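Undergrad: Could you look at this predicted model? Sequence included:
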Amino acid sequence: MLYIVQTNRPVKEMSLLPFNKVQCSKDDYYRWVWDTVHKAENLYKTLVSHLHQDKTFLSLLKKLDKSIEATQKEMHLTGVTDECADCALHGEGTCCGYRTGYKCDSILLLINLFLGRPISMQSNNSEKCFFLTDNGCFLRARPVICVNFVCGRLRNKFPHKQLVHIQEVAGKEIDALFVVEEYIKKYLLLSANL
């Protein structure tokens, strides 16, 4: 795969991207997302019998699932979930725009499969993220930005202290997601070297 360096950011924030997403067509984007979904499905078929017997992995996955549940509960109780869903479906929707799907790599989608969430692209709106439904995000494990970003709309609607508390709860989910992602990557690396 050809990688380019995104150059519209300060040097300390530069990242490698699969291709220039700023200039790619929506057809390229759709293909990229479908390819990523298929990679995750193939990885799942390859790994499911091994990782479902791995007690450490299952423990990490359970911790992640509980952390996701805690974040979603907190966001629902405070009204953040409703506010984000309204923005995504009827407002600016910048967080859930069609380019958001780029943040979902095959490892993240694989984790969703392990969490019992079969992957399908939900959005019927070509301007929205592929995983956005009328009820919010279809994914159980979501990219960090989708869990932790606090936009101006949220900052204007909710007290600072409440947003800080939500981010503290979400931080546990993000930490747990990172640990599961790294565990899978190390497992794949070790498997490749056998």
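TA: It's in. Numbering: from 1, shown residues only.
Undergrad: Would you map the helices across the chain?
TA: Assigned helices in the chain, in chain order: 26-51, 55-78, 80-90, 106-114, 144-148, 152-157, 160-193 (criterion: DSSP state H).
Undergrad: Could you identify which of the ones you listed is most buried?
TA: Counting by mean count of other CB atoms under 10 Å, helix 106-114 has the highest mean neighbour count of the helices of the chain, with a mean of 22. No exception for glycine: its C-beta is placed from N, CA and C like everyone else's.
Undergrad: Tell me what angle that helix forms with helix 26-51.
TA: Here helix 106-114 runs at an angle of 60 degrees relative to helix 26-51 (axes from the mean of the first three to the mean of the last three CA atoms, to 10 degrees).
Undergrad: What is helix 106-114 packed up against?
TA: Packing contacts for helix 106-114, counted by 3 or more CB pairs under 8 Å, 6 or more residues apart in numbering; DSSP states H and E, involve helix 26-51, helix 55-78, helix 160-193.
Undergrad: sorry, back to before: wait, which of the helices of the chain is closest to residue 134?
TA: Nearest of these to residue 134, taken as CB to CB: helix 80-90 at 6.7 Å.
Undergrad: CA-only coordinates of the closest one in CSV, if you can.
TA: Provided in CSV are the C-alpha atoms of helix 80-90 (Å, rounded to 0.1, in the frame of the first residue of the first chain):
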residue,chain,number,x,y,z
VAL,A,80,-24.6,14.1,25.1
THR,A,81,-25.8,11.1,23.1
ASP,A,82,-29.0,12.8,22.0
GLU,A,83,-27.1,16.1,21.2
CYS,A,84,-24.5,14.2,19.1
ALA,A,85,-27.2,12.2,17.3
ASP,A,86,-29.2,15.4,16.5
CYS,A,87,-26.1,17.1,15.2
ALA,A,88,-25.1,14.1,13.1
LEU,A,89,-28.5,13.7,11.6
HIS,A,90,-29.9,17.2,11.5
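Undergrad: what would the helices and strands packed on helix 106-114 look like in a markdown table with mean pLDDT and distance to residue 116?
TA: Converted to a markdown table, these look like this (pLDDT from 0 to 100; distance: least, CB to CB, whole Å):
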| stretch | mean pLDDT | distance to residue 116 |
| --- | --- | --- |
| helix 26-51 | 88 | 11 |
| helix 55-78 | 97 | 9 |
| helix 160-193 | 94 | 14 |
